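>>> Give the three-dimensional model of this entry:
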Amino acid sequence: MQSGPETDLFLKTEQLLYFRLTFALASLGLCFLLSVFARFEYDLSLVVILIFAVAVYSLVGVDLIKGERVKSDLELSRLNAAFIGLDVTSMTVLVHLTRGVDSDLYFLYLLPILLASHTFGRRGVYLTAVAVSVSYVGVLLVENAAFLPYVLDPARHAGLAAAYAHRLWVRIISRSAILVSVSFIWAAFCKHMSAVAEQGANRLREQLIANTRLVNETRAQAAREHLINSISSAIRSTLDLDQILKTTAMELSSALNAARCAIVCPPVTPGEMPPVWETIHPDHHHDQHPGFSQDFCRFLLANKSTYEQSPEDGTIRKTFVFDEPIRDWVFRDVRDDLAKLEFRSLVVQPIMYGVESMGVLLIGECERRRTWSASELELVKSVAGQVAIAIEHARLVDQLSRKNKDLLQKNLNLDTKNLELRTMQSQLIHQEKMASLGRMVAGIAHELNNPVNFVHGNLPYLTEYFEDLKRIIAAVDTLPSQYRAPIDDLKKRFKYDFLVTDLDHIIADLADGAERIRQIIKNLRSFSRLDEAELKEASIQEGIESSLRILNQYFGRDKIPVESSFQAIPPVLCYPGQLNQVWVNLLSNAAQAAQTNSDPKVTVKAELDGDWVIVSVDDNGPGIKLEDQSKIFEPFFTTKPVGQGTGLGLSICHSIMERHGGQIWFESSLGAGTSFKVKVPLRARELTKIQERVEENQEPGIAGTR
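Numbering: from 1, shown residues only. Okay, here's the model as predicted:
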C-alpha cells in the first residue's frame, strides 16, 4: 500500500513530530526557569543537551516526511516505532538526570504511550507500556544496585544503612508499581480514547466517502447534462451532420475517459463503406490502434439483432457491455478484425429512432479491463438518443432542402415560361398592331398614289397647253389695231397680265404640292417596307432620315433640332423594316426625354467600326434613374405615366437586335441625358426556322417607351 501526503498515518506522524518539537521548545523554556530559581539544585547542562537531541531527531523526522523519503505505511510504522523508542530512552535519561527515584518527571513516561496510541493499535500501545515500565524499573535498579545486598544478605539487616536500604527499595518498588500500574491503565485509557476517536473518524470518513460519492455522482450527472447539452447545442447551431457526430464522439470520449469512441452509420448507397466518426483519446496514439475495418462495420450494422438478444434468458437489451469481446461468441465471425483493435472492454449502443436503426455507438477500452458504472451506461444511452434525433433531423432537413430546391427549380422554370409567354403575348399584340398599322399605311399610300400620279402626270401637259395659249394670244397682238380692239378690251376687263402671272404661280404650286405628296408616300412606303420581309441591303442613313421625317411632330423647323453625323457607311444586309422600327423607337424616346429641357437637343451619329456599324442616339434629358436601369429592357416596364406608354418599345428593339446578331445598350447620368447605342453587323445572320415560325407575322411599326 502506497504512502503519501494524503494518508492518515502520514498526517498523524507529521503532527506527532511537530508535537515533539513543541514539547522540546517548552522544555527548554522550563529549563531556563529552573536555572533561574533552582540553579543550585539541578545541573541542567545535560538536560539541555538531551532536549536538543530530541529536537534534532524530531527535525530529522520532519525532513524525512516532508521530503517524502518514506514510501510506504510499513516504513512509517517503523519510523514511528523508532521515534517512540527514542522518546522512552530520552525519558529514562531525563529521569536519571533529575534524581532518579526521587525525580518528579517520571510521569512524562506517559507521553510515549499517548503518542503510540495515535500511530499503533492495541498491541503497540501495550508494548510501549511494557517498554516504559521496563525502562523505568531498569534505571532505578541500575542506579540503586549498590543497596541491593542490604536487602538480600541477612547479615546486613542491622544498622542504619540497612534501614535506609530497606526504605529505599520499598520506595523503588512502590514507585515502580505505581508507574507500571498507571502505564497500563493509561495505555488502556489511551487505547479506548483512540478507539473512540477512530470510531468518530471512521464515521466522518464514511460520511466523507458518502459525500464524495454524492459529489462524484453529481459531477457525473452534470457531465452527462453538459454532454447532452453540447450535443443539443450542436444540433441547434448547425445542420452539418458530420460536425455533429464528430463533436459527439469527441465529447463522449472525454466524458468517459475512454480509449476510443466511434459512431458507425449505414451507408447512403448500398455497397459503399459505412461512414465512421471516431475519436481516440489523447493518451492513446493513433498508430497503436488501426481503424475499423469495412467488414467489422458492416457486421455491427447488419447483425444488431444478434447481440440484442441476451443468450441467457432471451430478453432484449438496449445497451451491451462485452468483457474480453474477442472471446465472446457474438463476434465469432469478425474475431480477426476485433483482435487487431485489441479491445479489453467494449460497449455497443444501438442508435434507434423509434423502431428504425440509425447506426451503432461504440466505446472501447484497450489497456485495461474496465467496469462500466450505471451512470456511464446511462450517459451512453442518452447520447445515443440525442444522436438518433440529430440524424433524423439532418435527414428531414436534407429531404426538405431537396424538395425546396426542386420546388425552386420548378418555380424558376414556371417564371421562365411565364416570362416567355408574356413576351410572346406582347410580341403578338405588337405585331398585330404593327401589321394593322402597316396595312393601313400601305392602303393610304396606295390610295393616294393613283390620284397624285394622275395630277403629277397631267401637270406637264397643263404647262405645255398654257404656254401654247400664251403664244396664241401673243400672235393676236401682231394683228392690226382695228382687229385687236375687242381682244384688248377683254384683256383689260379680265386683267390679262395678272392672270398670266398668277396662273404660272398656280401651276408651279401644283407641281410642288404634287411632288411633296409623292415624297410623303415614298417615306410611308420606305418605313413600312412591306415588300422587304427578307434580308436585303439597305442604307442606315436613309432609314434614320426616313424615321426623322416620319417623326415630324418632334423634329423639323421650329422644333427639336437634330445634329446628324454619318460616316461613309456601305449598305447593310439587314431587315430594313425592323431596323426602321428601332430608329423610330429610339428617336421618339430621345425627343420625349429632351422636351423636358428648356433647350432640347438630339444628336444622331453613325460610324463604321470594322464589320460593325455603331449608331448612337443622344438626348439632353433628365437621364434614367439608377434603380430603373436594370429593368429598362424588360417587357411592359415603362417610366411614363399610366396610359402614355406600353413598355414594349425598348424590349422589341432588344429583340430586333438579337435577331440581327447585334447589340443595344445605353449610358445614362441623372441630369446629363442618355445615350442609346446600337451595334449592327454589316451582314445580319439569317433567322433560324424556329424564329421565322414564331415571328413570321412580325411587322415593323412605331412604339416609343423608356
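
>>> going forward, measure contacts between C-alpha atoms and count neighbours the same way
OK.

>>> domain ranges for the protein?
Structural domains assigned to the chain are 8-210, 238-372, 396-528, 532-706, following automatic domain parsing.

>>> And the second one, end to end?
With C-alpha to C-alpha, to the nearest Å as the measure, domain 238-372 spans 32 Å from end to end.

>>> for that domain, what is the average pLDDT?
Confidence for domain 238-372, expressed as mean pLDDT, is 73.

>>> any idea how far that domain is from the chain center?
Taking C-alpha atoms, centre = their mean, to the nearest Å, one finds the center of domain 238-372 at 29 Å from the center of the full chain.

>>> What is the least confident helix or strand in this structure?
Lowest by mean pLDDT, DSSP states H and E among the helices and strands of the chain is helix 689-694, with a mean of 41.

>>> May I have the secondary structure class of residue 371?
Here residue 371 is recorded as coil under DSSP: H, G, I helix; E, B strand; the rest coil.

>>> how much space is there between it and residue 503?
Distance from residue 371 to residue 503, by C-alpha to C-alpha: 133 Å.

>>> These two: which is more packed in?
residue 503 (14 against 10; other C-alpha atoms under 10 Å).

>>> part of a helix, is the more buried one?
Yes - assessed by three-state DSSP, residue 503 belongs to a helix.

>>> Over to residue 362. Which of the three states is it?
Once three-state DSSP is applied, residue 362 turns out strand.

>>> isn't it right next to residue 345, touching?
No - Residue 362 is beyond contact range of residue 345, at 10.6 Å (criterion: C-alpha atoms under 8 Å).

>>> Just give the number of residues close to residue 447.
Neighbours of residue 447 (other C-alpha under 10 Å): 12.

>>> what sits against it?
By C-alpha atoms under 8 Å, 6 or more residues apart in numbering, the contact list for residue 447 is empty.

>>> just so I know, which of the domains of the chain lies nearest residue 383?
The closest of the domains of the chain to residue 383 is domain 238-372. By C-alpha to C-alpha, the value is 7.8 Å.

>>> Going along the chain, name the strands of the chain.
For the chain, the strands defined by DSSP state E cover 260-264, 276-280, 320-323, 345-353, 356-365, 536-538, 562-566, 572-574, 602-609, 612-619, 663-669, 673-681.

>>> Distance-wise, check the residue lying farthest from the centre of the chain relative to residue 495.
Distance from the centre of the chain peaks at residue 482, with 125.1 Å (C-alpha atoms, centre = their mean). Using C-alpha to C-alpha, residue 482 is found at 20 Å from residue 495.

>>> repeat for residue 242
For residue 242 relative to residue 495 (C-alpha to C-alpha), the value is 114 Å.

>>> For those two, indicate the residue with more neighbours.
More crowded of residue 242 and residue 495, by other C-alpha under 10 Å: residue 242, with 15 against 11.

>>> Count the residues that sit near the closest residue to that one other than its chain neighbours.
Excluding its sequence neighbours, the residue lying closest to residue 242 (C-alpha to C-alpha, 6 or more residues apart in numbering) is residue 277, at 7.9 Å. Using other C-alpha under 10 Å, residue 277 is surrounded by 19 other residues.

>>> who does residue 277 bridge with?
Going by DSSP bridges, residue 277 is paired in beta bridges with residue 263.

>>> and it, what does it touch?
Neighbours of residue 277 in contact, by C-alpha under 8 Å, 6+ apart: 242, 245-246, 249, 262-264.

>>> Output those as a markdown table; include the columns distance to residue 654.
Formatted as a markdown table, those follow (distance: C-alpha to C-alpha, whole Å):
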| residue | distance to residue 654 |
| --- | --- |
| 242 | 50 |
| 245 | 54 |
| 246 | 55 |
| 249 | 60 |
| 262 | 62 |
| 263 | 60 |
| 264 | 59 |
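
>>> Any quick PyMOL command for the buried ones out of those?
Per 16 or more other C-alpha atoms under 10 Å, the buried members of these correspond to this PyMOL selection:
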select buried, resi 245+246+249+262+263+264
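
>>> Farthest-apart pair in the contacts of residue 277, please.
242 and 262 (12.7 Å).

>>> Contacts only, for the residue nearest the centre of the chain.
Residue closest to the average C-alpha location in the chain (C-alpha atoms, centre = their mean): residue 238, at 6.9 Å. By C-alpha under 8 Å, 6+ apart, the contact list for residue 238 reads residue 244.
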